[in-house]
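Engineer: I'd like to go over a predicted model; first the sequence, then the structure.
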Amino acid sequence: MSPTAPSLGKDLVGLEDLSPEQIRTILDTAEPFKEISERRIKKVPVLRGKTIVNLFMEPSTRTRISFEFAEKRLSADTVNIATSGSSVQKGETLVDTARNLEAMKIDMVVIRHWASGAAAFLAQRIPSNVINAGDGSHEHPTQALLDFLTIRDHLGRIEGLNVCVVGDILHSRVARSNIFGLLKLGAQVGVCGPRTLLPSEIESLGVKVFQRVEEAIAWADVLNVLRLQLERMKGGYVPSLREYNRVYGISTRRLQEASGDRLILHPGPMNRGVEIDSDVADGPHSVILKQVTNGVAVRMAVLYLLAGGAPERAEAAKQGEVA
Amino acid sequence: MSDAQRVTIMDQAAVDRALDRMAREIVERNGGTEGLALLGIQRRGKELAERIQAEIQEAEGASVPTGSLDITLYRDDLATVGPRPIVGESRLPLSGIDDHAVVIVDDVLYTGRTTRAAMDEILDWGRPSRIHLCVLVDRGGREVPIQPDVVGRKVEVLGNQRVDVLVPELDGRLAVELVTPAQEVS
């Protein structure tokens, strides 16, 4: 009868596992969801009766709230669990936490975890749909998807664009999801940052490496500026914040020295005056707040598409098999 | 499916005449074009609404605000596990719908469930002064108590038959066809 979208399977763990067609399906599905957040009654009944648990084992404001808005605007019932004040602090394992939640009849888990691979681990062990909201330095698929949607909104396409991710590539799940997804969508991807914050052999992923930020700016149509995670300072990866800003900071002066315009993205939270200067963050080419708005639409799309489920995989997880 | 039998029950001229009359009936029911808004249901209802808008423009010289409605997220069968239907665009008329007489325009009225979904969605958008239902074909077979206000043609159809409305924008021509599945033909 009505045309149907290609299935995403049971879970969204990372963009590495998705086909270009599946990624495009999510972006296309996000389009009509944008309008819902403009309505007077910002709610559609599509996930009515579904229970979603937001399991956040690591601090997060933007992502957690964005997921929660997306869930509520689709009429799902939501429960938030954070590390502090939960049984996790008493030493309960991830699987036990999840199984206890399952015993209370839930439908989906959105998980943020400090350990890389946590989302996939959980997805293989519970029948509920699992959505990765960031696992260690592995992937943060919905962040990358909202980046893509924002780029497509402003430049009309992804294919053929030069997109450069600037900053701490080594520890960044946002960078990894961006690289996997952008390459699948036909963009050229560059990375730029201090050698200490670039994984060795990153070129093998098919990305261009820029040592100097000026070269990256000159090459790029889009700059995705990552937060310099201040906790990395202790690890001795960068000499000082001022030094980092001086060498890698995105400033108006640097942007003006290159010809043409480029779109400025940042996943937040920003360290103004470190990786990005205030006048760039608030400038005419910054789409940072558009990213936040698009984040809700992208997450609504993912929730909608996954709710269709892959019953056979859910069944396999129930049997304890690894699908 | 390729062996399905297709019979044209309304050709382009017949559809044009029906739309022309429907446009006049809508204006007559509303006592003019003031406060009127058309909402075409995706897909094909949208194209029919645009045609009705053009007919009203020609006859009355007034441009009636027209939008489109995708009811996918309001369907009552989404809870069943399966592939997700593709969600289309919903676009409110620029004037909004508050205090307007909103006319839902759809191609075929069958179970009435689409209309139920459309009304729920409209009421989430705002508070129209009233809602009319306008369909090109009423094929009977209602499963909920819903009836149309303006009808192009009423047809008697068997449960296994299908009524296809074709519009130039999507199908290359304007017509209504009755489709009978292959196994019933032989």
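Structural biologist: The structure has been received and is ready for your questions.
Engineer: what does B:Ala62 show for phi and psi?
Structural biologist: When quoted as degrees, to the nearest 10, the phi and psi of B:Ala62 stand at phi -120, psi 140.
Engineer: repeat for A:Phe33
Structural biologist: phi -70, psi -20.
Engineer: ok, it - contacts?
Structural biologist: For A:Phe33, the contact set (CB atoms under 8 Å, 6 or more residues apart in numbering or on different chains) comprises A:Val296, A:Ala297, A:Met300, A:Ala301, A:Tyr304, B:Val87. C-beta here means a position set from N, CA and C on the backbone, and glycine is covered the same way.
Engineer: does the second one touch A:Leu149 like I think?
Structural biologist: Yes: in this structure, A:Ala297 is within contact of A:Leu149 by CB atoms under 8 Å, at 7.1 Å.
Engineer: who touches both of the two?
Structural biologist: By CB under 8 Å, 6+ apart, the residues touching both A:Ala297 and A:Leu149 are A:Ala30.
Engineer: going by neighbour count, list what's buried in stretch B:11-23.
Structural biologist: B:Ala14, B:Val15, B:Ala18, B:Leu19, B:Asp20, B:Met22, B:Ala23 (16 or more other CB atoms under 10 Å in any protein chain shown).
Engineer: can you flag which of these belong to helices?
Structural biologist: Using DSSP state H, B:Ala14, B:Val15, B:Ala18, B:Leu19, B:Asp20, B:Met22, B:Ala23 are the members of those that sit in helices.
Engineer: helix or strand for the most centrally placed residue in chain B, just tell me which one.
Structural biologist: In chain B, the centroid-proximal residue (CA atoms, centre = their mean) is B:Asp106; its distance is 0.5 Å. Assessed by DSSP states H and E, B:Asp106 sits inside strand B:101-109.
Engineer: summarise which helices and strands the helix or strand just after that strand is packed against.
Structural biologist: Per DSSP H and E, the first helix or strand lying C-terminal to strand B:101-109 is helix B:113-125. Under the contact criterion of 3 or more CB pairs under 8 Å, 6 or more residues apart in numbering or on different chains; DSSP states H and E, helix B:113-125 touches strand B:36-41, strand B:66-69, strand B:101-109, strand B:130-138.
Engineer: got a list of contacts for the shortest one?
Structural biologist: When contacts are taken as CB under 8 Å, 6+ apart, the neighbours of strand B:66-69 outside the stretch itself are B:37-42, B:45-46, B:49-50, B:53, B:88-93, B:104, B:118, B:121-122.
Engineer: which of those count as buried?
Structural biologist: If we count by 16+ other CB under 10 Å, these have these buried: B:37-42, B:45-46, B:49-50, B:53, B:88, B:90-93, B:104, B:118, B:121-122.
Engineer: for A:Ile111, which non-adjacent residue is spatially closest?
Structural biologist: Leaving aside its sequence neighbours, A:Ile111 sits nearest to A:Leu55 (CB to CB, 6 or more residues apart in numbering or on different chains; 4.8 Å).
Engineer: strand partners of the helix or strand harbouring the one you found, parallel vs antiparallel please.
Structural biologist: Counting by DSSP H and E, the element that carries A:Leu55 is strand A:51-56. If you go by DSSP bridges, strand A:51-56 pairs up with strand A:77-82 (parallel), strand A:108-113 (parallel).
Engineer: can you give me the helices for the stretch 51-200 of chain A?
Structural biologist: With helices called from DSSP state H, counting those that start in this stretch, the stretch 51-200 of chain A shows them at A:62-73, A:94-103, A:118-123, A:141-155, A:173-184.
Engineer: number of nearby residues for B:Val7?
Structural biologist: Neighbours of B:Val7 under the rule other CB atoms under 10 Å in any protein chain shown: 10.
Engineer: tell me the SS of it?
Structural biologist: Classification of B:Val7 by DSSP: H, G, I helix; E, B strand; the rest coil places it in strand.
Engineer: show me what from chain B comes close to chain A.
Structural biologist: With CB under 8 Å from any CB of the partner chain as the criterion, chain B meets chain A at residues B:70, B:72-74, B:78-79, B:81-91, B:120-121, B:124-126.
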